[in-house]
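In: what would the 3D arrangement of this be:
(one chain, ligands or ions: 1)
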Amino acid sequence: MHEYLDALAVVRAQRPDEPITLLRPHAASRAARFFVEKFQGKSLYAVKANPSPALLETLWDAGITHYDVASLGEVRLVSKFLPDAKLCFMHPVKSERAIAQAYHNHNVRTFSLDSHEELEKIVRATDGATDLELCVRIRVSSEHAKLSLASKFGADPSEVADLLVATRQVADSLGICFHVGSQAMTPAAYAEAMEHVRAAIVEASVTVDIVDVGGGFPSVYPGMEPPALEGYFEVIHNCFEDLPISYSAELWCEPGRALCAEYASLLVKVEKRRGQELFINDGAYGSLFDAAHIGWRFPVALQRSDTSIGTQMAEF
Ligand SMILES: *Cc1c(COP(=O)(O)O)cnc(C)c1O
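Out: Numbers count the residues shown, from 1 in each chain. You can find the predicted model right below:
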């Protein structure tokens with residue numbers, strides 16, 4: 001790994017023919033410290049957003065101690081690089097073997113679920129363990145999110161109370177979680193979801209130890225300028241204070257994008273220009289999957305060394 005002042009310095013020094021990933025650890029540290037200091041609860045990093053070991057270590061050093069893992073591969077990865085991290089297996093659909101290995105070999109105690117079937121799987125795979133922290137995922141709207149994840153998972157409101165009661169019977173600690181979808185453009189998304197949490201707690205009348213508001217915290221992209229994150233935290237804190245739960249209940253969140261969006265950028269070479277179209281040396285089957293397949297617009301900046309040809313590109 002080399003250190004450079006900025007992207008242009010890389011272009012000048014290397015004149016790269018291959019795409020290069022540029023890392024900005026200070027940006028990830030800053031984002032992590034922001035959550036650690038301002039979110040009044042635990043912030044779990046959603047590892048799937050960027051599972052790179054160097055980033056995991058950067059976030060750990062900045063105070064992120066809990067990690068939301070979605071597969072056994074992520075469990076192994078985080079245990080290897082951050083042996084003291086607390087792992088929370090928050091994918092609501094897991095194989096029985098993955099649950100067993102996570103519990104028995106990697107000390108994972110926290111699991112999410114959204115069905116009775118999954119609850120039974122967790123009980124079987126952990127041999128009826130009595131030290132489980134189980135979070136019931138409820139289905140909430142993702143209408144405020146630019147990238148919907150919400151409708152895919154989560155127990156239906158008509159099943160939630162029953163599932164909470166059943167989970168309470170086997171869990172040492174009971175949580176409720178949700179995901180409003182990624183890049184939620186307004187804090188109202190969380191306020192609306194918290195109303196579902198309230199309704200579920202009231203209907204089931206169970207003691208809830210954890211309320212986990214999931215991910216979805218936005219970053220800034222071209223054409224998408226969300227309100228400041230403090231506003232999201234304020235709405236969430238206020239809703240949490242109003243829930244019918246005990247004083248000792250914990251508030252959690254699971255930011256992915258918000259912790260890693262500014263960590264990495266990609267330096268590509270323009271190989272050819274055809275009118276307003278640029279042909280670059282990375283793409284849909286490389287690092288630009290989201291740009292190509294879901295039309296995500298990333299911020300772009302021209303980095304041109306003094307000696308490069310094709311000055312007519314200045315207008316790009
Ligand atoms: C992807 C995911 C996250 C992170 O979402 P962001 O929008 O990147 O913050 C958090 N929790 C769960 C369960 C996820 O699947």
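In: got the domain ranges for the chain?
Out: The record, using automatic domain parsing to delimit domains, assigns the chain the ranges 7-21+263-315, 25-260.
In: between the two ends of the last one, how far is it?
Out: To tie it back to what came earlier, the one meant is domain 25-260. 9 Å (Cα to Cα, to the nearest Å).
In: check which helix or strand the residue of the stretch 101-250 of the chain found nearest the ligand maps to.
Out: Closest to the ligand within the stretch 101-250 of the chain is residue 215: 2.5 Å, counting by Cβ to the nearest ligand atom. The way it works is simple: take the backbone N, C-alpha and C, and place the C-beta from them, glycine included. Here residue 215 is covered by no helix or strand, with elements defined by DSSP states H and E.
In: how many residues are close by it?
Out: Residues lying near residue 215 (other Cβ atoms under 10 Å) number 27.
In: list the contacts of it.
Out: The contact partners of residue 215, by Cβ atoms under 8 Å, 6 or more residues apart in numbering, come to 46, 49, 68, 179, 182, 253-258.
In: please apply the same query to residue 171.
Out: Applying Cβ under 8 Å, 6+ apart, we find residue 171 in contact with 132-134.
In: do the host helix or strand of residue 80 and the ligand come into contact?
Out: In this assignment (DSSP H and E), residue 80 forms part of helix 72-81. No - judged by Cβ under 6 Å from any ligand atom, helix 72-81 stays clear of the ligand, getting no closer than 11.1 Å.
In: by contact count, what packs against the next helix or strand after that helix?
Out: Next along the chain after helix 72-81, taking DSSP H and E as the criterion, comes strand 86-89. With contacts taken as 3 or more Cβ pairs under 8 Å, 6 or more residues apart in numbering; DSSP states H and E, strand 86-89 sits against strand 66-69, helix 72-81, helix 96-106, strand 110-113.
In: tell me which strands strand 86-89 pairs with, and in which orientation.
Out: Applying DSSP bridges, strand 86-89 is found paired with strand 66-69 (parallel), strand 110-113 (parallel).
In: quick check: next helix or strand after the last one?
Out: Towards the C-terminus, the helix or strand next in line after strand 110-113, according to DSSP H and E, is helix 116-125.
In: buried ones in that following helix?
Out: 118-119, 121-123, 125 (16 or more other Cβ atoms under 10 Å).
In: and what of stretch 192-203?
Out: 192-194, 196-198, 200-201.
In: among those, which are within reach of the ligand?
Out: Near the ligand, by the rule Cβ under 6 Å from any ligand atom, you find none of those.
In: can you tell me which of these end up in helices?
Out: Taking DSSP state H as the definition of helices, those contribute 192-194, 196-198, 200-201.
In: and the helices and strands packed on strand 86-89 as a markdown table, adding mean neighbour count?
Out: Listed next are these as a markdown table, based on neighbours: other Cβ atoms under 10 Å:
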| stretch | mean neighbour count |
| --- | --- |
| strand 66-69 | 25 |
| helix 72-81 | 18 |
| helix 96-106 | 17 |
| strand 110-113 | 27 |
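In: chain center to stretch 206-225, what's the gap?
Out: Distance, stretch centre to chain centre, for stretch 206-225: 9 Å (Cα atoms, centre = their mean, to the nearest Å).
In: interface residues of the chain facing the ligand?
Out: Checking the chain against the ligand by Cβ under 6 Å from any ligand atom, the hits are 46, 48-49, 68, 90, 149, 179, 182, 214-217, 254-258.
In: so where is the stretch 101-250 of the chain shaky, pLDDT-wise?
Out: Applying pLDDT under 70 to the stretch 101-250 of the chain flags the ranges 150.
In: go again using 50 as the cut-off
Out: Nowhere does the stretch 101-250 of the chain drop to pLDDT under 50.
In: quick one, strands of it?
Out: Taking DSSP state E, counting those that start in this stretch, the strands of the stretch 101-250 of the chain run over residues 110-113, 133-137, 145-147, 173-177, 182-184, 210-212, 250-253.
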